[in-house]
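# pasting a predicted model and its sequence here:
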Amino acid sequence: MENSRCKAFIECVNCGSIKAAADLMGYTPSAVSQLITAFEKELGLKLFVRTQKGVELTNEGRDMVPLVRTFLASEQEIYQYAAELRGVTTGKINIATYPSVATTWLPEIVRRFKNDYPGIQFSIKECIREPMYEYLEQNEADLGFVAWADPMPFDWIPLREEEIVAAIPEDHPLASASAFPIKACEKDDFILGSWGDEKEILEIFRKYKIHPDIKYTTYDTPATLAMVRMGLGISLVNELSARFWNEHLVKLPLDPPVSVTFGIIVNSREHMTNAAKKFMEYAISYVTED
């Protein structure tokens, strides 16, 4: 069924005149008349009666009106859906993320997404907070995975709480303890990530009035934990970043317990690409399930 015939039919119904319908459609009256005739022949029905004032629907034509309107509406939905799919099935998603998320949650999220949308390309930028903010501000990243810190200059979508744990050498005096007193951070050489500007850990020190002896600064958690394993000091890290580090060091919950909230940041949820929106849905679903 040709949509041009259906559109001509509906415009004639709306206008009550072949000439008026032709003016709206940008056709000649003869072209619209031919479309109506072809539509009637295709259906085997008489749809209009020509009068001096224009056209009037027959009983059969009146019955066809809601059906033809539904057909045209469904066609429009198909094109709209196809346009949305084009935004998801092709393109590129730029992600800025903590290394901890890049090595734990992200591989499985990307795998699931690629199974459904194989045409999407990914660029994953592992970074700490400040570069991540720059990527978002300069539109070099569609979204970022980061822990909450105040102030938060972006739209924030919380995902999950992660416990902060103490990472200590396996021969540390507290290695067999059930928890690590936060105040004990002042008794050992301390290793601080994010080049010494790890805001989540610095906030803990500020809140509990702790003044650790920061002897080493690192970029990310793997370097920090490698130094802990060598007996160079202790550190506080989020449990997600230390998930795969289970040998030759000890991870203890803090006393009192402390956690951080991991989430997604975007410049504006309203202005995200269709692909980025869909990927965010996958991320939320996976982390909630996990």
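Nice, thanks for sending it over.

# phi, psi of Met126?
For the record, residue 126 is Glu, not Met. phi -80, psi 130 (degrees, to the nearest 10).

# ok, it to Pro222 distance?
Counting by C-beta to C-beta, to the nearest Å, the separation of Glu126 from Pro222 is 11 Å. In short, each C-beta sits where N, CA and C put it, glycine included.

# now for these two: what residues contact both?
Here Glu126 and Pro222 share the contacting residues Pro99, scored by C-beta atoms under 8 Å, 6 or more residues apart in numbering.

# in the worst-scoring helix or strand of the chain on mean pLDDT, which residues are buried?
Using mean pLDDT, DSSP states H and E, the weakest-scoring helix or strand in the chain turns out to be helix 59-89, at a mean of 81. Buried residues in helix 59-89, counted by 16 or more other C-beta atoms under 10 Å: 61, 64, 68, 88.

# so who does the nearest residue in space to the first one that is not next to it in sequence touch?
In this structure, Gly61 finds its nearest non-sequential neighbour in Leu47, 3.6 Å apart by C-beta to C-beta, 6 or more residues apart in numbering. Leu47 makes contacts with 9, 36, 39-40, 57-58, 60-61, 64, as judged by C-beta under 8 Å, 6+ apart.

# from those residues, pick the one nearest Ala275.
Phe9 (38.2 Å; C-beta to C-beta).

# wait, that closest one sits on Val68?
Yes: here Phe9 reaches Val68: they are 5.8 Å apart, a contact under C-beta atoms under 8 Å.

# helix or strand: which one has Cys12?
For Cys12, the enclosing helix or strand under DSSP states H and E is helix 3-15.

# tell me how far that helix is from the chain's mean position?
Distance of helix 3-15 from its chain centroid, counting by C-alpha atoms, centre = their mean, to the nearest Å, is 41 Å.

# just the buried residues of that helix, please?
Under 16+ other C-beta under 10 Å, the buried positions of helix 3-15 are 5-13, 15.
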